[in-house]
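# what shape does this take:
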Amino acid sequence: MTALTLPDDVVPARCALWEGVGLPFSFVGVTTSRTPAPGEVLVRVDLATVCGSDLHTVTGRRPSPVPALLGHEQVGTVVGVGGGDPRCVDGRPVVPGMRVVWSVTAACGACDRCLRGMTQKCRALRKYGHEPWDESAPLTGGFATHCVLLPGTAVVAVPDPLPDVVASPASCATATVAAALDAAGALEGRRLLVSGVGMLGLTAVAMAREAGCHVIAVDPEPARRAQALQFGAAEVRDAGSVPEDVDVALELSGHPEGVRTCLRALGVGGTAVLVGSVAPGEPVALDPERVVRGLHTVVGVHNYRAEHLQRAVDFLAARHDAYPFAELVGGTYPLGALDEAVAAARSAVAPRQAILPSR
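Purely as a prediction, here's the structure:
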């Protein structure tokens, strides 16, 4: 039988579809144009990582459309660029052959929230790896050979020396930490608590250390506490030992006790930045008198803005070799073994597992 020959402008792609809790991924072949619509960018996904949010979805902790193309941490190579002169966050043109990461969100840029600087909460928000499957526009997530980037997506060029396994988490974990530290305010010389030292927590330890903080890492797992020391923590404590009088407390685990730890640890004028509570959970009591008398600030961070993704890549490019970031990504799996990769992510010591879609 003669193989089907596709026109030069047509690119074959393959997607892994999540079919629901407890069901295996299915795999679908699609095609897309090498010349996308104006403002869009077609990227070949070179490596994707299984994020904790993906695990929340497949285990049913968080509602999600079914079927869906998951995956929102990835690095890839630009294949085609639509009209309209798409540009990176730093202003350079997006061109074929450029190695890039992109934001988890695409914003309209014109609604009231966007105009107030909250593009990550755009009223017309689209989120990669979170959209329902659409056969007419299928390439919306990282667990595929290709992704079509929509207008309003933050695109950041990846420097050549930065390995794929380190660059991929920038699209979620590293950029989210950059947003959390931005919300914390001035950092140099401050005592900063990190509650939960998984992927985000270890990243936060390193970034806060580089910003001049005395970092205290809290986690119930001894292995994670040992990793936190490798990433620059000045002190590590188990979950039963609450620091006192910290200036900043970052909650990254999403566990109610972690939130309570952060609120209890704040000194006068302290700021608690809550990041990890992205799935429904137990409510946490807040003592308003303590907040008032302590001049405390409690702020939530969800998603991030374009500048945070740029800061994430800049940080990793400058300092990834000073900390063992590459060791945070475990085995590599072909796209067809995504079920095995997800199972490994749920049980492995490494916070991330890598997918190589072209394999």
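
# identify the residues contacting residue 194.
Residue 194 makes contact with 201, 204, 205, 208, 215, 216, 217, 218, 228, 233, 250, 252, according to Cβ atoms under 8 Å, 6 or more residues apart in numbering. All C-beta atoms are positioned from the backbone trio N, CA, C, and that covers glycine.

# in the longest helix seen in the chain, what's buried?
Looking across the chain with DSSP state H, the single longest helix is helix 306-319. Of all the residues in helix 306-319, those buried under the rule 16 or more other Cβ atoms under 10 Å are 306, 307, 308, 309, 310, 311, 312, 313, 315, 316, 317.

# which ones among the contacts of residue 194 map onto strands?
215, 216, 217, 218, 250 (DSSP state E).

# this structure: helices as residue ranges?
With DSSP H as the criterion, the chain has helices at 52-58, 112-115, 164-167, 173-184, 199-210, 222-230, 256-265, 288-293, 306-319, 338-347.

# dump the ones in strands among the contacts of residue 194 to a markdown table, plus neighbour count and distance to residue 108.
As requested, these are arranged in a markdown table below (neighbours: other Cβ atoms under 10 Å; distance: Cβ to Cβ, whole Å):
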| residue | neighbour count | distance to residue 108 |
| --- | --- | --- |
| 215 | 26 | 37 |
| 216 | 24 | 40 |
| 217 | 29 | 38 |
| 218 | 31 | 39 |
| 250 | 32 | 30 |
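
# closest one to residue 257 out of the residues you listed, please.
Nearest to residue 257 among these is residue 218, at 10.0 Å by Cβ to Cβ.

# just list the residues touching that closest one, thanks.
The neighbourhood of residue 218, defined by Cβ under 8 Å, 6+ apart, consists of 193-197, 236-239, 241-243, 258, 261.

# quick one: which of the ones in strands among the contacts of residue 194 is nearest to residue 185?
Distances from residue 185 to these, taken by Cβ to Cβ, are shortest for residue 250, at 12.2 Å.

# any idea what that closest one is bridged to?
Going by DSSP bridges, residue 250 is paired in beta bridges with residue 194, residue 273.

# any idea how far it lies from residue 195?
The gap separating residue 250 from residue 195 is 7 Å, by Cβ to Cβ, to the nearest Å.

# so residue 205 sits right up against residue 198, yeah?
No - applying Cβ atoms under 8 Å as the test, residue 205 and residue 198 come out as separate, 11.0 Å apart.

# neighbour-wise, which of the two wins?
residue 205 (30 against 20; other Cβ atoms under 10 Å).

# report the contact partners of that one.
Listed by Cβ under 8 Å, 6+ apart, the contact set of residue 205 reads 194, 197, 215, 217, 228, 231, 232, 233.

# looking at these, which is nearest residue 78?
Using Cβ to Cβ, these come closest to residue 78 at residue 231, 31.5 Å.

# what sits against that closest one?
For residue 231, the contacting residues are 197, 202, 203, 205, 206, 209, 323, 324, by Cβ under 8 Å, 6+ apart.

# same deal with residue 37?
Shown in contact with residue 37 (Cβ under 8 Å, 6+ apart): residue 82.

# who's in contact with residue 150?
Counted by Cβ under 8 Å, 6+ apart, residue 150 has contacts 39, 40, 106, 126.

# and the gap between residue 336 and residue 22?
Residue 336 is 19 Å from residue 22, by Cβ to Cβ.

# so which of those two has more stuff around it?
A direct count of neighbours by other Cβ under 10 Å for residue 336 and residue 22 places residue 336 higher, at 14 against 8.

# would you mind measuring from the more buried one to residue 323?
32 Å.

# CA atoms only: put stretch 136-148 into CSV for me.
Provided in CSV are the C-alpha atoms of stretch 136-148 (Å, rounded to 0.1, in the frame of the first residue of the first chain):
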residue,chain,number,x,y,z
SER,A,136,-11.3,21.7,14.9
ALA,A,137,-8.5,23.1,17.1
PRO,A,138,-6.9,20.1,18.8
LEU,A,139,-3.4,21.2,19.7
THR,A,140,-4.0,22.9,23.0
GLY,A,141,-1.7,21.0,25.5
GLY,A,142,1.8,19.7,26.0
PHE,A,143,1.0,16.0,25.9
ALA,A,144,1.2,16.0,22.1
THR,A,145,3.8,16.2,19.4
HIS,A,146,2.8,19.8,18.6
CYS,A,147,1.1,22.8,20.2
VAL,A,148,-0.6,25.8,18.6
